[in-house]
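**Q** sequence isn't available, so here's the structure alone:
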């Protein structure tokens, strides 16, 4: 009996986020287009206007992010854990929490963040171009996790402002139901953050140095 209950819970955990995406597939595609489009726009902008990319890199130097990466890069598991913590915290602070207070606020905030991350990822040097070979997979995975959070923020905001879209009678009920769907999408984003963090740490620590030696 207990085993059957656990199996049902696992099936629901896997099925519920996909059901939410399927029911709102057009919005999901639009959110993805916004996220990846802004990242690519940031990368192109940094290549066309090198000062933009240089400013973003300097900001990372000033806030200690670059030094942190250097200190952890030879310890991939600790590096993975740090990346995971940074990504989850960023998602919570930039997307989820603002959206709990103001409808759709997290979408606007992270849209700007996606553009600035694109500036930092731009392959403006030969080493950065080589690093982006494996790091492009990191970006694909991690930004999909952020896209799921933004999608959840959209569902919450829409349910809050227009309760009828989620079958709720009033704004309070719409907020609660939207929050439940945001919760399911947040849970589905977590495995992506974990896989992305592990791949990022090991690829930067081991694969990128090998590629730099072979290709440059």
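**A** Cool, the structure landed. What you are looking at is a predicted structure, and each value in this text was computed from that prediction instead of being measured.
**Q** so how far is stretch 120-136 from its chain's centroid?
**A** Here the centre of stretch 120-136 is set off from its chain's centre by 19 Å, with C-alpha atoms, centre = their mean, to the nearest Å.
**Q** likewise stretch 96-104?
**A** Mean-position distance between stretch 96-104 and its chain equals 16 Å (C-alpha atoms, centre = their mean).
**Q** tell me the buried residues in the one helix or strand residue 86 maps to?
**A** Residue 86 belongs to helix 76-91 when elements are defined using DSSP states H and E. Across helix 76-91, burial judged by 16 or more other C-beta atoms under 10 Å covers 76, 79-84, 87-88, 90-91. Any C-beta I mention is one placed from the backbone N, CA and C, and that applies to glycine too.
**Q** now tell me what touches stretch 171-180 from outside.
**A** Outside stretch 171-180, the residues within contact range by C-beta atoms under 8 Å, 6 or more residues apart in numbering are 100, 155-163, 165-168.
**Q** hmm, back to that, helix or strand right after the helix holding residue 86?
**A** Sequence-wise, the next helix or strand downstream of helix 76-91 (DSSP H and E) is helix 97-101.
**Q** what packs against that following helix?
**A** Under the contact definition 3 or more C-beta pairs under 8 Å, 6 or more residues apart in numbering; DSSP states H and E, helix 97-101 sits against helix 105-121, helix 126-161.
**Q** repeat that with 10 Å
**A** helix 105-121, helix 126-161, helix 171-202 (3 or more C-beta pairs under 10 Å, 6 or more residues apart in numbering; DSSP states H and E).
**Q** angle of the first one against helix 126-161?
**A** Between the axes of helix 105-121 and helix 126-161, defined by axes from the mean of the first three to the mean of the last three C-alpha atoms, to 10 degrees, the angle is 180 degrees.
**Q** chain center to helix 105-121: distance?
**A** Centroid separation between helix 105-121 and its chain, computed with C-alpha atoms, centre = their mean, is 10 Å.
**Q** repeat for stretch 37-47
**A** On C-alpha atoms, centre = their mean, the centre of stretch 37-47 falls 16 Å from that of its chain.
**Q** list the contacts of it.
**A** By C-beta atoms under 10 Å, 6 or more residues apart in numbering, the residues outside stretch 37-47 that reach it are 52-57, 110-124, 128, 132, 139-140, 143, 146.
**Q** buried ones in it?
**A** 38-40, 42-43, 45-46.
**Q** which one of those is nearest residue 196?
**A** residue 39 (13.9 Å; C-beta to C-beta).
**Q** any idea of the mean pLDDT in whichever helix or strand that closest one is part of?
**A** Residue 39 is located in helix 25-48, with elements delineated by DSSP H and E. The average pLDDT for helix 25-48 rounds to 96.
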